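A.B. asks: here's a sequence, model it:
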Amino acid sequence: MSQLIRSISFNPRDQHILAGGSIYGAVGIWDVRKSQGPVECVPIGVGHSESVTSLIWGNSKVLWWDMRKINAPIDACDKPLTMKKYNLMENTYGDNWAKTPADKYLDSSFCTIEYANEKKLQQDHPCLIQLIRDKYLLEPASKELPYVLDHPYTIDPSDGQANDIREILKNKTKGFFVESGGFDGEFLSNTFFMERYLDWNGLLIKADQKIFSKLHSRNRKAFSLPNCISTKTLPDQIIQKNNNFI
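C.D. replies: Predicted structure coming up:
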């Protein structure tokens, strides 16, 4: 990160706290007693759109100003430092984020799995979104690749649910599905018919790694995730129990 820093300033009331501004416009605050990265960050494009050339502490605060609105700072960071809550369900920053790709809001050197876990980043935080895209989400198979199926002549492998969906949506084409518990991508699949015959895209989710590997081998034309759907709005770890084993 040192090659990206343009300016630094130590907190005059706490020798362990310093603020740094990057050449790309991000502002981070570090506790020198910790080595995991900044303890607080204003992402790129939120506070500054250009290089941060200087920083000044005031009353143990860092203030962010929009020079077009100089009557008051647009944001402030006090010590003790706390992470902002990002949650689209509460519409905190969702409207702004929708206008710019998520990876433009946080310097990549800040965005690590350790950072996301430590800060308990909310489900729509740009860093968490980027980590899911880079490390977990698998792209759809090419449409040029044939499906690899156990029963290739079965038109609808679902147990009737797909037919009900088609009736409700009047055989809608080019939709998007999310199938949690996608199993092996074929057996009793509720989405396979829409994908194959109605040109739907979607997301297949299966946490069991052994079964997920089978799902991925099917060449489904949908995104896939080898994870769970959390009951919380932040990253969580669970223990899965199947047939008396963990």
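A.B. asks: thought P235 was touching A116?
C.D. replies: Yes. At 5.9 Å, P235 and A116 qualify as touching, with contact defined as C-beta atoms under 8 Å. Heads up, the C-betas are built off the backbone N, CA and C, glycines and all.
A.B. asks: ok, and the closest non-adjacent residue to G175?
C.D. replies: Closest residue to G175 apart from its sequence neighbours, by C-beta to C-beta, 6 or more residues apart in numbering: W200 at 4.7 Å.
A.B. asks: contact partners for that neighbour?
C.D. replies: Contacts for W200 (C-beta atoms under 8 Å, 6 or more residues apart in numbering) come out as 173-177, 191, 194, 222.
A.B. asks: ramachandran angles for it?
C.D. replies: With angles defined as degrees, to the nearest 10, W200 sits at phi -80, psi 150.
A.B. asks: and it, what pLDDT?
C.D. replies: Note for W200: predicted pLDDT of 97.
A.B. asks: cool, P235 as well?
C.D. replies: On the pLDDT scale, P235 gets 74.
A.B. asks: thinking again about what came up before, quick one: the residue nearest to G175 from F10, how far?
C.D. replies: Distance of W200 to F10, given as C-beta to C-beta, to the nearest Å: 55 Å.
A.B. asks: what touches both of P235 and A116?
C.D. replies: Listed as contacting both P235 and A116 by C-beta under 8 Å, 6+ apart are L128.
A.B. asks: I figured P12 hits L55, correct?
C.D. replies: No. Assessed by C-beta under 8 Å, P12 is found out of contact with L55, at 11.9 Å.
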